[in-house]
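J.: sequence unavailable; structure follows:
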């Protein structure tokens with residue numbers, strides 16, 4: 001797609017006349033609804049450093065945070081309430097769910113094709129090894145504003161295929177403030193949070209904010225305990241023409257995982273763990289310096305960051321040997337954006353110019369083991385081609401350079417009509433060095449230009465309509481490039497090395513929408529989208545223990561989101577949403593499956609784990625009580641049936657749809673808050689994820705198959721969490 005010459009000139013040319021614009025976006029703490037609220041009519045530049053602009057032609061959500069349950073699961077709890085999102089659970093840990101947005105995935109699972117970028121105060125926190133997002137490492141206790149921009153965007157860059165999530169953390173304001181929160185619930189769950197903030201020296205002085213949280217639980221399924229620890233701090237200084245802040249974050253977690261169960265086991269006991277002992281243990285350090293300053297007639301903003309995340313992932317395999325993986329992530333870089341108001345040919349415009357660079361180094365060490373720290377049997381190691389007696393199977397290092405330049409112009413032809421044009425250029429280079437077999441090394445380089453054009457119409461403050469055409473880009477992750485040879489599938493996670501190159505994923509997105517507030521108490525939003533995807537990357541498995549990544553020539557995501565809310569008498573408010581999302585293959589392609597004689601996909605076949613229909617309805621109210629405020633909310637979420645992974649050709653029965661009801665009640669007083677949360681109020685039994693695989697253990701109480709290759713193929717399902725009650729008490733001053 002090419003931009004007309006006059007549009008490109010509007011982006012890169014022009015003289016400035018006007019004064020600097022101030023960021024006025026704020027979260028609305030007066031509303032107590034768990035649904036998203038469309039952004040108010042503010043005039044700021046579209047930026048991942050400062051926030052989004054209502055004039056930008058995209059579906060925008062200013063995410064509510066006040067009713068989100070605290071703790072390590074707060075990030076996905078916040079997201080799953082948004083219109084059009086669905087959740088499924090592959091890992092069997094409530095801290096590691098996967099979310100589907102517009103048919104694309106945002107997930108902590110390594111190997112899933114990621115389609116959403118996540119930014120913390122402007123710093124991308126998708127991990128460099130596989131572009132995954134670890135929800136348990138997001139400091140939600142410190143986040144005071146969250147915004148979701150749906151669809152590709154030149155400003156937000158690579159991986160932003162379905163959208164970008166922007167998270168902004170709190171700063172110290174006013175005098176010293178402290179709070180202590182204690183949470184508890186069933187299955188041994190307990191958590192404590194200490195938070196302190198304040199400002200020294202009055203306006204223009206030094207501000208600071210710190211949070212520290214620890215949590216522990218047994219887990220409702222066998223061997224699914226979780227321990228989390230996180231420390232977060234901001235210190236900064238704000239003046240009229242400048243602002244600077246330093247962020248320090250440290251986390252050390254250990255999450256045990258149950259995964260899915262053969263359906264025959266699920267019928268006997270939903271709490272069984274098929275391979276007990278699996279765990280994910282990350283240790284993360286995040287440092288970031290961000291700031292803004294008036295420069296000339298514009299505002300310069302940006303950040304510098306350094307981030308490391310070292311994790312161990314242990315997987316018990318049936319049949320053994322087991323795998324123990326150690327991944328060392330290191331990344332550092334920076335971003336600079338300059339924004340100015342200008343008049344071009346007598347037309348008011350906002351111009352943004354930006355550039356970013358980061359470098360990532362990833363080390364992979366995978367071992368075949370009997371148990372953590374104990375190498376596998378010598379015969380098994382020899383069969384896998386692993387070192388004897390250490391058990392080392394893979395020792396690979398990857399280096400990735402990411403550089404980009406972008407420009408955007410928001411041109412206001414009239415107070416109600418604005419045109420947005422943008423262009424981004426990305427450069428990605430990934431080199432792979434195999435320390436065991438040096439000849440397996442290689443380098444892959446990608447260039448991509450991504451334009452966007454859109455129109456926004458705001459005839460009144462109560463209405464906004466938009467239409468846009470945009471493009472997106474995702475370079476293959478280092479892990480995908482290391483395992484992309486169909487003639488030599490990886491015995492994951494043991495065999496990595498430079499393979500034939502994968503093509504980058506390209507998206508051409510069309511969307512349109514309307515936000516309407518007919519009265520002060522009523523909101524209505526409609527958004528439609530169509531995303532044509534070329535060279536989608538999927539992981540396919542010819543056997544239970546091997547697989548590879550491959551490009552799929554054409555896929556498509558299309559859908560509509562409807563949402564609205566209405567204030568009622570007596571402090572009550574009702575809200576709801578309905579989404580239709582069709583994620584389909586548009587090419588005939590043979591994808592390996594555990595199912596015998598599974599046919600090739602044909603155009604129109606639906607993606608597994610992506611329900612077509614998604615809906616939510618809720619009622620909440622706020623009422624003053626003696627010396628305090630009482631809030632309560634009831635929310636029902638439901639999804640339609642979905643195909644299981646391994647049934648990409650849609651020949652088998654679907655996983656049934658389900659609905660879940662959640663309740664929240666809180667009382668806020670002068671020096672304390674009491675909150676109660678009940679998830680799955682009616683204790684519904686359901687499964688959110690399914691895959692076809694061989695049951696190498698055989699039936700419960702029955703004989704184990706003599707040859708694992710002859711094991712029966714079953715539906716493996718992940719059971720949904722039963723009713724869970726959580727109580728939180730906060731004392732603050």
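T.: Arrived safely, thanks for sending. Values in this document were obtained by computation on a predicted structure and should not be read as measured data.
J.: may I have the strands that pair with the strand or helix carrying residue 230, each with its orientation?
T.: Here residue 230 sits within strand 226-238, counting by DSSP states H and E. Take DSSP bridges as the rule and strand 226-238 pairs in its sheet with strand 206-217 (antiparallel), strand 242-252 (antiparallel), strand 254-256 (antiparallel).
J.: so which of the ones you listed is nearest residue 446?
T.: Across the strands paired with strand 226-238, the minimum distance to residue 446, taken as Cβ to Cβ, is reached by strand 242-252, at 30.1 Å. Every C-beta, even on glycine, is put in place using the N, C-alpha and C of the backbone.
J.: now that closest one: mean pLDDT?
T.: What strand 242-252 shows for mean pLDDT is 97.
J.: buried residues, that strand. List them.
T.: Judged by neighbour count using 16 or more other Cβ atoms under 10 Å, the buried positions of strand 242-252 are 245-247, 249, 251-252.
J.: for stretch 231-243, same thing?
T.: Under the neighbour-count criterion of 16+ other Cβ under 10 Å, stretch 231-243 has 231-238 buried.
J.: which of the residues you listed sits closest to residue 672?
T.: Closest approach to residue 672 among those (Cβ to Cβ): residue 232, at 22.7 Å.
J.: the residue nearest to the closest one when sequence neighbours are not counted: neighbouring residues, count only.
T.: Using Cβ to Cβ, 6 or more residues apart in numbering and skipping the chain neighbours, the partner closest in space to residue 232 is residue 139 (4.3 Å). The tally of other residues near residue 139 (other Cβ atoms under 10 Å) stands at 23.
J.: thought residue 233 was touching residue 139, still the case?
T.: No: between residue 139 and residue 233 there is no contact under Cβ atoms under 8 Å: 9.7 Å.
J.: which neighbours do those two share?
T.: 211, 249 (Cβ atoms under 8 Å, 6 or more residues apart in numbering).
J.: where does pLDDT dip in the stretch 451-600 of the chain?
T.: Counting by pLDDT under 70, the low-confidence segments of the stretch 451-600 of the chain come to 485-500, 541-547.
J.: residues contacting the closest residue to residue 107 other than its chain neighbours?
T.: Among residues not flanking residue 107 along the chain, residue 98 sits closest, at 3.9 Å (Cβ to Cβ, 6+ apart). If a contact means Cβ under 8 Å, 6+ apart, then residue 98 has 87-90, 105-109, 112, 609, 689 as its contacts.
J.: any idea of the pLDDT on residue 98?
T.: Here the pLDDT value assigned to residue 98 is 91.
J.: ramachandran coordinates for it?
T.: Note on residue 98: its backbone torsions stand at phi -120, psi 140 [degrees, to the nearest 10].
J.: how near is it to residue 719?
T.: 15 Å (Cβ to Cβ, to the nearest Å).
J.: for the protein, where's the lowest mean pLDDT among helices and strands?
T.: Evaluated with mean pLDDT, DSSP states H and E, the helix-and-strand set of the chain has its lowest mean pLDDT in strand 15-16, which scores a mean of 32.
J.: could you look up the SS state of residue 709?
T.: Three-state secondary structure (criterion: DSSP: H, G, I helix; E, B strand; the rest coil) places residue 709 in helix.
J.: how many other residues sit next to it?
T.: 10.
J.: beta-bridge partners for the closest residue to it other than its chain neighbours, please?
T.: Once flanking residues are discounted, residue 709 sits nearest to residue 694: 7.9 Å by Cβ to Cβ, 6+ apart. Note on residue 694: beta-bridge partners residue 713, judged by DSSP bridges.
J.: look up phi and psi at the residue nearest to residue 232.
T.: Reported as degrees, to the nearest 10, the phi and psi values for residue 139 are phi -80, psi 70.
J.: got a pLDDT number for it?
T.: Per-residue confidence at residue 139 stands at 96 (pLDDT).
J.: which strands and helices sit next to the helix or strand that comes right after the least confident helix or strand of the chain?
T.: If you walk from strand 15-16 toward the C-terminus, the next helix or strand you reach (DSSP H and E) is strand 60-62. Based on contacts counted as 3 or more Cβ pairs under 8 Å, 6 or more residues apart in numbering; DSSP states H and E, the elements that strand 60-62 packs against are strand 143-150.
J.: tell me which residues of the strand it packs on are tucked away?
T.: 143, 145-150.
J.: which of those residues lies closest to residue 419?
T.: The nearest one, if we look at these relative to residue 419 and count by Cβ to Cβ, is residue 149, at 17.9 Å.
J.: which element, helix or strand, includes the closest residue in space to the closest one that isn't next to it in sequence?
T.: Leaving aside its chain neighbours, residue 149 sits nearest to residue 164 (4.9 Å; criterion: Cβ to Cβ, 6+ apart). Counting by DSSP H and E, the element that carries residue 164 is strand 163-169.
J.: distance of residue 97 from residue 405?
T.: From residue 97 over to residue 405 the distance is 35 Å, taken as Cβ to Cβ.
J.: of the two, who's got more company?
T.: Between residue 97 and residue 405, counting by other Cβ under 10 Å, residue 97 is the more crowded of the two (26 against 14).
J.: quick check, that one in contact with residue 76.
T.: Yes: distance between residue 97 and residue 76: 5.1 Å, which falls inside the contact criterion (Cβ under 8 Å).
J.: so what sits against both of these two?
T.: Shared contacts of residue 97 and residue 76, counting by Cβ under 8 Å, 6+ apart, come down to 87, 135.
J.: can you list the strands that the strand holding residue 164 pairs with?
T.: The strands beside strand 163-169 in its sheet (DSSP bridges) come out as strand 116-120 (parallel), strand 143-150 (antiparallel).
J.: which stretch among those strands comes nearest residue 477?
T.: Minimum separation from residue 477 across the strands paired with strand 163-169 (Cβ to Cβ) falls at strand 116-120, 13.1 Å.
J.: contacting residues around the closest one?
T.: When contacts are defined by Cβ under 8 Å, 6+ apart, strand 116-120 is touched by residues 48, 99, 101, 104-106, 124-126, 133, 138-139, 156-167, 169, 247, 286, 288.
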